[in-house]
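>>> can you look at this prediction? I've put the sequence above it.
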Amino acid sequence: MNAPRVLVYGYGNPGRQDDAVGVMLAERVEKWVNHHGLDWVETDQGYQLNIEDADRIADFDYVIFADASVKNIGSCLLETIEPDPRTDFTMHAVEPAFVVGVCEKLFQRKPRCYQLHIRAYHFEFMEEPSKEALSNLELAHREVLAFITKLGFIKEMTANQ
Amino acid sequence: MGQKITIEPVTRVEGHGKVTIHLDNEGQVTQTRLHIVEFRGFERFVQGRPYWEAPVLVQRLCGICPVSHHLAAAKAMDVIVGAGTGDGLTPTGEKMRRLMHYGQMFQSHALHFFHLASPDLLFGIDADPKSRNVLALALENKDLAVQGVMMRKFGQEIIAATAGKKIHGTGAIPGGINKHLSQMDKEHFLNGKAPMNIDSMIEWSQAALEFFHHYHEHNVGIIDAFVEFPSSYLSLVRKDGALDLYHGVLRAKDQEGNIILHDIDYQNYLKYIDEEVRNWSYMKFPYLKELGNDAGWYTVGPLARMNNADFIDTPLAQHEFEKFKAYNKGKLSHKPMHAHWARLIEVLHAAEKMKELLNDPDLLSGELVVKGTRQHEGVGIIEAPRGTLFHHYKVDHQDQITLCNLIVSTTHNNQPMNEAVNQVARKLMTGKKEITEGMMNAVEVAIRAYDPCLSCATHALGQMPLELTLLQNGQVLHTRKNR
């Protein structure tokens, strides 16, 4: 049995303080993936999601979108995404569910998609995220590693490695 | 006291803005204003940073056109390191940057036309918003929707091959570029499996123009008569008058088509252009000093570039340019919806230019960087997808940036967008007590023709719900929200 293809896609603006946590998560996961030679896991980063990401996710079995969140969710929250029936579209407001919806409509593919919300607090023009957001990032990172590990294709390794 | 209609913010327009429409007691439109509700702050963020960081830092302004900011800042820093003003780079440096820029122009315009504008065209301005969007487009014309996505992807791949990662693009550096194009990338873009190769992109660009021509033929009322008002136009042109999206001299034409800014060196832009602050908007209002702050406003972007250029130096786009000029009887087009036409001509031009560059051996080898006598002030100007983008910096003896002034395309187009909204409002909202979905979208369509990026103009993150409020004597008569 082949390992499933997994994409971890972090997005946000690294110049806007806590907005960077999605991108930072993808960077951390990338290091972990490279360290363990997991060629079935990929990462990607962007300032924001775009419509062509519908094509980007089409060939994966699992996709995790990671982004900063201002919702009151605790430290982080991983939730399932269903294709969004919403109809409006702006370049700044492309939500993961919209990308999944376009993927399904245009490319007839429906990867299992999740959104990882990482609680963020400050969005000024600064490059260093707040301590609280970095702490949440750490927990989110563990969550993603646990998710990938649970897929069952990593032997003799813990998520903390 | 009269009535006031507020549209807040505008969907499928970047960033966060609102529109207020003031009516008098007789229901006549007396004033319209496009408000920007966030404030500027990015210039301060850059101050104190070493100058060589600017091309990377400014990409953080906005995720819509980071490449344009990257290149405009790099061009300004070319001046700082003594490498001249845009045309002083090595052939490899300039051509790699141009390839990056045409990739950006191609993907940005493709997104705008296929996924922001075409739903309006296909389904009509009055259509239910549930059927006026990209998913409905996919059902109605799947090929068009897929082509839009794949053209975006192709442009993004060109950017990745020339600038590096999407988030941390570092391709352009002061005085040049930091890498060559790889042979593998060249082969991929030229001869990759269809449709992901440059010939397919050219073919699709032509097909998009055919789609537009067919639509225009059957919908003259929307493309020609929806909005029309006289404007001056500003853009870069090449020294010989050709359309040039990467570098050139500044040219402006007045409403009659007379050249009023005669192909000047943009290092001296402050002699000719000033910015006015108005108390009701956080966005500045630039104007040509020669015409004064009331009459000196102008339009930038694809329509301005078509109006200002004498010719295009790629054959297929030149053919389309001639059609555009012939249709407008050799005069300026003052029809904002013609910007969609102009945008598609630029898509084709960008595709042709990319092919030309991909076949150029200078991209694979050659010197990457030049340097000269250190300067303390530099201006970089580029034609971004939405229009002319100004970056102006001063750098001290410790290499730190002490001044940063940015004038982005959407700021240049501030007054024209207000004019467009005003015209739509007068046409559709006079005497009305209730706001229909069609009215809301008509205002948006007028603004959308400029492809504005309000986020960039105000340097703010954007959220885009839509709310429109009608007021009379300060009392809300009707509020309408899209979501």
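Cool, got the structure.
>>> which residues in chain A form helices?
Here chain A has its helices, by DSSP state H, at A:21-36, A:53-56, A:96-107, A:131-150.
>>> for B:L57, find the nearest of those helices.
helix A:21-36 (15.2 Å; Cβ to Cβ). (C-beta placed from N, C-alpha, C; glycine too.)
>>> of the helices of chain A, give the one that comes closest to B:P385.
helix A:53-56 (19.2 Å).
>>> residues touching the closest one, excluding its own?
A:7, A:9, A:44, A:46, A:94, A:99-100, A:102-103, A:106-107, B:149-150, B:153 (Cβ atoms under 8 Å, 6 or more residues apart in numbering or on different chains).
>>> residue ranges in chain A under the pLDDT threshold?
Applying pLDDT under 70 to chain A flags residues A:85-93, A:155-161.
>>> go again using 50 as the cut-off
Applying pLDDT under 50 to chain A flags the ranges A:91-92, A:158-161.
>>> for B:E276, give me the pLDDT.
B:E276 carries a pLDDT score of 87 in this model.
>>> buried ones in stretch B:307-317?
Residues of stretch B:307-317 classed as buried by neighbour count (16 or more other Cβ atoms under 10 Å in any protein chain shown): B:N307, B:N308, B:A309, B:I312, B:D313, B:T314, B:L316, B:A317.
>>> from the contacts of helix A:53-56, pick the one nearest A:L151.
Closest to A:L151, out of all of the contacts of helix A:53-56 and judged by Cβ to Cβ, is A:L7, at 12.9 Å.
>>> does that closest one touch A:W40 like I think?
No. Look at A:L7 against A:W40 with Cβ atoms under 8 Å: they stay out of range, at 10.2 Å.
>>> neighbour count for these two, which is higher?
Each of A:L7 and A:W40 has its neighbours counted (other Cβ atoms under 10 Å in any protein chain shown); A:L7 has more, 21 against 17.
>>> please report how far that one lies from chain B.
A:L7 sits 14 Å away from chain B, going by Cβ to the nearest Cβ, to the nearest Å.
>>> please name the bridge partners of the nearest residue to A:D44 once chain neighbours are set aside.
Leaving aside its sequence neighbours, A:D44 sits nearest to A:Y9 (Cβ to Cβ, 6 or more residues apart in numbering or on different chains; 4.7 Å). Beta bridges link A:Y9 to A:D44, A:F65, judged by DSSP bridges.
>>> same check on B:K18?
Beta-bridge partners of B:K18, as defined by DSSP bridges: B:H35.
>>> okay, now it: neighbour count?
The burial count for B:K18: 18, using other Cβ under 10 Å.
>>> same check, this time on A:L38
The tally of other residues near A:L38 (other Cβ under 10 Å) stands at 17.
>>> quick check: it touching A:I154?
Yes. If you go by Cβ under 8 Å, A:L38 and A:I154 touch, sitting 7.1 Å apart.
>>> can you pull the residues that touch both of these two?
Common contacts of A:L38 and A:I154, defined by Cβ under 8 Å, 6+ apart, comprise A:I148.
>>> center of chain B, which residue is that?
Geometric centre of chain B, nearest residue: B:R386, 0.5 Å, by Cα atoms, centre = their mean.
>>> I figured it hits B:T411, correct?
No. Between B:R386 and B:T411 there is no contact under Cβ under 8 Å: 10.1 Å.
>>> need the overlap of contacts for these two.
With Cβ under 8 Å, 6+ apart, B:R386 and B:T411 have no common neighbours.
>>> show me the contacts for B:D87.
B:E94, B:H247.
>>> separation between it and chain A?
Counting by Cβ to the nearest Cβ, the gap from B:D87 to chain A is 30 Å.
>>> among the buried residues of stretch B:307-317, which ones are in helices?
B:N307, B:N308, B:L316, B:A317.
>>> residues in contact with the third one?
Contacts of B:L316 were listed using Cβ under 8 Å, 6+ apart, and they are B:I202, B:Q206, B:L348, B:E352.
>>> please redo it, this time with the cut-off set to 7 Å
B:Q206, B:L348, B:E352 (Cβ atoms under 7 Å, 6 or more residues apart in numbering or on different chains).
>>> how about stretch A:55-62: buried residues?
Result for stretch A:55-62 [16+ other Cβ under 10 Å]: buried residues A:D55, A:R56, A:I57, A:A58, A:F60, A:Y62.
>>> just give me the closest of those to chain B.
A:D55 (5.6 Å; Cβ to the nearest Cβ).
>>> can you show me the helices along the stretch 301-450 of chain B?
Assigned by DSSP state H, counting those that start in this stretch, the helices in the stretch 301-450 of chain B fall at B:302-308, B:315-327, B:338-358, B:409-412, B:414-428, B:437-448.
>>> from the chain's centre, how far out does the fourth one sit?
What that stands for is helix B:409-412. Its chain's C-alpha centre and that of helix B:409-412 lie 8 Å apart, by Cα atoms, centre = their mean, to the nearest Å.
>>> so which elements touch that helix?
strand B:387-395, helix B:454-458 (3 or more Cβ pairs under 7 Å, 6 or more residues apart in numbering or on different chains; DSSP states H and E).
>>> worst average pLDDT in those?
With a mean of 46, helix B:454-458 has the lowest mean pLDDT of the helices and strands packed on helix B:409-412.
>>> interface residues of the stretch 251-400 of chain B facing chain A?
Applying the criterion Cβ under 7 Å from any Cβ of the partner chain, no portion of the stretch 251-400 of chain B neighbours chain A.
>>> give the contact list for B:L181.
Going by Cβ under 7 Å, 6+ apart, B:L181 touches B:M96, B:A161, B:T162, B:L363, B:L364.
>>> now the buried members of these.
Using 16+ other Cβ under 10 Å, the buried ones in the contacts of B:L181 are B:M96, B:A161, B:T162, B:L363.
>>> show me what contacts the closest residue to the third one other than its chain neighbours?
What sits nearest to B:T162 in space, not counting adjacent residues and going by Cβ to Cβ, 6+ apart, is B:M100, at 3.9 Å. When contacts are counted by Cβ under 7 Å, 6+ apart, B:M100 is found next to B:V67, B:L71, B:I159, B:T162, B:A163, B:G171.
>>> distance of B:E94 relative to chain A?
26 Å.
>>> what's the burial count for that residue?
As a burial measure, B:E94 scores 19 neighbours (other Cβ under 10 Å).
>>> element containing it?
Using DSSP states H and E, B:E94 sits in helix B:91-111.
>>> go through that helix and flag the buried ones.
Of the residues in helix B:91-111, B:92-111 count as buried by neighbour count, 16+ other Cβ under 10 Å.
>>> distance between it and the chain's centre?
14 Å.
>>> give me the angle between that helix and helix B:338-358.
140 degrees (axes from the mean of the first three to the mean of the last three Cα atoms, to 10 degrees).
>>> for the very next helix or strand once past helix B:91-111, packing partners?
Next along the chain after helix B:91-111, taking DSSP H and E as the criterion, comes helix B:118-123. Packing partners of helix B:118-123 (3+ Cβ pairs under 7 Å, 6+ apart): helix B:134-140.
>>> following the helix it packs on, which helix or strand shows up next?
Under the assignment DSSP H and E, the closest C-terminal helix or strand after helix B:134-140 is helix B:142-163.
>>> what's the angle from that next one to helix A:96-107?
Relative orientation of helix B:142-163 and helix A:96-107, computed by the same axes, to 10 degrees: 120 degrees.
>>> residue contacts, the closest residue in space to A:R112 that isn't next to it in sequence?
Excluding the flanking residues, the one nearest A:R112 by Cβ to Cβ, 6+ apart is A:Y62, at 5.1 Å. A:Y62 makes contacts with A:P4, A:V6, A:P111, A:R112, as judged by Cβ under 7 Å, 6+ apart.
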